[in-house]
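Q: give me a model of this one.
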Amino acid sequence: MKKKIVVAMSGGVDSSVAALLLMKQGYDVTGLSLKLFEQSKCCGVRGIEDARGVARKLGIPFYAINCVKEFEKKIIDYFCKSYKDGITPNPCVLCNGLIKFGYLLKKAGELGIGHIATGHYARTAKKNGRWFLKKGKDAGKDQSYFLYPLTREQLSVSVFPLGGYTKSAVRKLARENGLKVHDKPGSQEVCFIPGDDYRKFLEKRGYKGRPGPVVDKDNNLLGEHRGIAFYTIGQRGGLGISHKTPLYVTSIDSKKNIIVVGTNKETFTDELVARDVNWAINPGEVKTGLSRGGMKVKARIRYRHEPASAALWKLGNGRVRVRFLKPQRSVTPGQSVVFYKRDVVVGGGIISNELV
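A: Purely as a prediction, here's the structure:
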């Protein structure tokens, strides 16, 4: 009998080709779309209809699940609250761990299917009985950063057919096999934020900014902000301050309602603390405290960031201290930091606003 698998289909070229490749490899494929947000291009009605069309073309069963209420509660509410607290969230990371893979596995189980697949550019590997997440072959499209929260159990039943492909090769496969989505633009923004304007999104949801002071590191008053949710670490534009040198947001104090700005040099730091760390390795391999033998890794502090050399130490309570070999620009609380050994993900967590 063919091995059965459920494929998450968003209606885009990546997930469509993932389903195509698995069919060519002899799998018995079932397509599944998650409706997460009504107006989303990839996770709403439009994306589901495109996915349904691809499933019809491939001749595979297709299901759609309404997850709008769950997505609203666990992702959008978190997103809005984070900005109001002066933190810049990464909803895609949270969604993968809490929504997408959870619902995929649940539906697959209901169908009596033990494996799931997505169109992410990543790979998995098994060593000494333990499953690991690896970078995708296409460095420009590698999405392992977004998948680090997956548990070993989830990885053990997950397949990423595009892990060894480049984006151009994927589009070529779609075109050669008559998939109409072959030239569909890829999503470059948060799926529920039209035009990538999160500030307008917050305002439509009732956020009214509370003005407060903008100061420098010496607490000199330089101006007034519109509300801390409208600002992120490293931001230069929109400060409304006339100054002899360019100024950037260097920190946000939500309790005092203060925005601190500084020069470009002041946006760099060589340390951070991460919380809610998910380890792919045995946590016992990471030393506690600040002994000289911190675990050496490459750390990525945002999706498009070039991984930087760093050392790790455990702090307890699911936290870790990261010290970079060279200072990094705009380390942003709320974003994820992911740790690599060569092309293997060894762990990751959420950057905290805790002082180092």
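
Q: so which residues of the stretch 251-356 of the chain form strands?
A: Assigned by DSSP state E, counting those that start in this stretch, the strands in the stretch 251-356 of the chain fall at 258-262, 268-279, 295-300, 308-316, 319-329, 336-341, 344-351.

Q: pipe these into JSON lines and attach distance to Lys134 and mean neighbour count per row.
A: In this view, the C-beta of every residue, glycine as well, is placed from N, C-alpha and C. Listed next are the strands of the stretch 251-356 of the chain as JSON lines, based on distance: least, CB to CB, whole Å; neighbours: other CB atoms under 10 Å:
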{"stretch": "strand 258-262", "distance to Lys134": "38", "mean neighbour count": "21"}
{"stretch": "strand 268-279", "distance to Lys134": "16", "mean neighbour count": "18"}
{"stretch": "strand 295-300", "distance to Lys134": "13", "mean neighbour count": "20"}
{"stretch": "strand 308-316", "distance to Lys134": "19", "mean neighbour count": "18"}
{"stretch": "strand 319-329", "distance to Lys134": "21", "mean neighbour count": "18"}
{"stretch": "strand 336-341", "distance to Lys134": "9", "mean neighbour count": "24"}
{"stretch": "strand 344-351", "distance to Lys134": "5", "mean neighbour count": "23"}
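
Q: can I get those in TSV including distance to Leu22 and mean pLDDT?
A: TSV is the format used below for those (distance: least, CB to CB, whole Å; pLDDT from 0 to 100):
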stretch	distance to Leu22	mean pLDDT
strand 258-262	49	97
strand 268-279	27	95
strand 295-300	29	95
strand 308-316	35	92
strand 319-329	36	96
strand 336-341	27	96
strand 344-351	23	96
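
Q: against Phe192, how distant is the closest residue to Leu94 other than its chain neighbours?
A: Closest residue to Leu94 apart from its sequence neighbours, by CB to CB, 6 or more residues apart in numbering: Ile75 at 5.9 Å. Going from Ile75 to Phe192 by CB to CB, to the nearest Å gives 8 Å.

Q: pLDDT below threshold where in the stretch 1-150 of the chain?
A: Scanning the stretch 1-150 of the chain for pLDDT under 70 picks out 1, 40-42.

Q: now the top helix by length along the chain, how far from the chain's geometric center?
A: Counting by DSSP state H, the longest helix found in the chain is helix 45-58. Relative to the centre of its chain, helix 45-58 is centred 25 Å away, using CA atoms, centre = their mean, to the nearest Å.

Q: then stretch 131-142?
A: Computed by CA atoms, centre = their mean, the chain-centroid distance of stretch 131-142 equals 14 Å.

Q: and what of stretch 328-343?
A: With CA atoms, centre = their mean as the basis, the mean position of stretch 328-343 lies at 11 Å from the chain mean.

Q: next one: stretch 16-33
A: 24 Å.

Q: could you work out the end-to-end span of it for me?
A: Using CA to CA, to the nearest Å, the end-to-end distance of stretch 16-33 comes out at 11 Å.

Q: stretch 158-166 now?
A: 20 Å.

Q: and it, what's its mean pLDDT?
A: Taken as a whole, stretch 158-166 has an average pLDDT of 97.

Q: quick one, phi psi at the spatially closest residue to Lys298 that is not a sequence neighbour?
A: Leaving aside its sequence neighbours, Lys298 sits nearest to Pro307 (CB to CB, 6+ apart; 3.7 Å). Here is the backbone geometry of Pro307 (degrees, to the nearest 10): phi -50, psi 130.

Q: the chain should start at 561 in everything you say after this.
A: Yes, from this point I'll number from 561; that puts the last item at Pro867.

Q: quick one on the thing from earlier: need the strands of the stretch 811-916 of the chain in TSV with distance to Lys727, can you?
A: Shown next, in TSV, are these (distance: least, CB to CB, whole Å):
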stretch	distance to Lys727
strand 818-822	38
strand 828-839	27
strand 855-860	19
strand 868-876	25
strand 879-889	27
strand 896-901	21
strand 904-911	21
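
Q: so which of the ones you listed comes closest to Tyr663?
A: strand 828-839 (19.1 Å; CB to CB).

Q: pretty sure the residue nearest to Lys858 contacts Tyr900?
A: Yes: using CB atoms under 8 Å, Pro867 is in contact with Tyr900, at 5.7 Å.

Q: find residues that contact each of those two.
A: Residues touching both Pro867 and Tyr900 by CB atoms under 8 Å, 6 or more residues apart in numbering: 858-860.

Q: which stretches of this structure form helices?
A: Applying DSSP H to the chain gives helices spanning 573-584, 605-618, 628-631, 637-644, 651-655, 661-670, 704-707, 712-716, 727-736, 758-764.

Q: now mean neighbour count too, for these, in TSV please.
A: Converted to TSV, the helices of the chain look like this (neighbours: other CB atoms under 10 Å):
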stretch	mean neighbour count
helix 573-584	24
helix 605-618	19
helix 628-631	16
helix 637-644	18
helix 651-655	21
helix 661-670	17
helix 704-707	24
helix 712-716	16
helix 727-736	16
helix 758-764	16
